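# Sequence unavailable; structure follows:
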């Protein structure tokens, strides 16, 4: 059983492929051994070895200048932009009714 290219197989497809592989293995004379729960797959007599700190230290790229430029931009105060000055003189305002529909325009003196 195969699945369409570019699309991952579904769980049902994976189960069917696994069942077929096991059946083919048994048909060819292979045997399946039942292992009790809790038994480890590791050999007891060989020590477990994790290569945690055995690799040499890798060289690091100096980024002090890049960090300094980023920090200088971050601390830089933004330019003071003048706010829009309120208009002097009359301005037009739209009045709305209780339902949010515009009723009329009026002129307000500021």
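Arrived safely. Just so it is clear, the structure is predicted and the values come from calculations on it, not from any experiment.
# next one: the lengthiest helix in the chain to chain centre, how far?
In the chain, with assignment by DSSP state H, the single longest helix is helix 11-27. Distance of helix 11-27 from the chain centroid (CA atoms, centre = their mean, to the nearest Å) equals 34 Å.
# And stretch 88-96, by the same measure?
How far stretch 88-96 lies from its chain's middle: 49 Å, per CA atoms, centre = their mean.
# For this structure, which helix or strand comes out least confident on mean pLDDT?
Least confident helix or strand of the chain, by mean pLDDT, DSSP states H and E, is helix 64-75 with a mean of 84.
# Name the residues that touch the helix or strand just after that helix?
Next helix or strand after helix 64-75 toward the C-terminus (DSSP states H and E): strand 90-96. With contact meaning CB atoms under 8 Å, 6 or more residues apart in numbering, strand 90-96 is reached by 102, 103, 104, 105, 106, 107, 108, 109, 110. Backbone N, C-alpha and C define where each C-beta goes, glycine included.
# can you redo these as TSV with pLDDT?
Listed next are the contacts of strand 90-96 as TSV, based on pLDDT from 0 to 100:
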residue	pLDDT
102	92
103	93
104	93
105	93
106	92
107	91
108	88
109	83
110	72
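# Can you pull out the low-pLDDT segments for this structure?
The model of the chain has pLDDT under 70 over residues 1-4, 48-53, 76, 78.
# follow-up on the earlier one: check which residues of the longest helix of the chain are buried.
In terms of neighbour count (16 or more other CB atoms under 10 Å), helix 11-27 has no buried residues at all.
# heads up, I number from 400, so please use that
That works, and once the first residue is 400, the last one we named lands at helix 410-426.
# I'm done for today, thanks for sticking with me.
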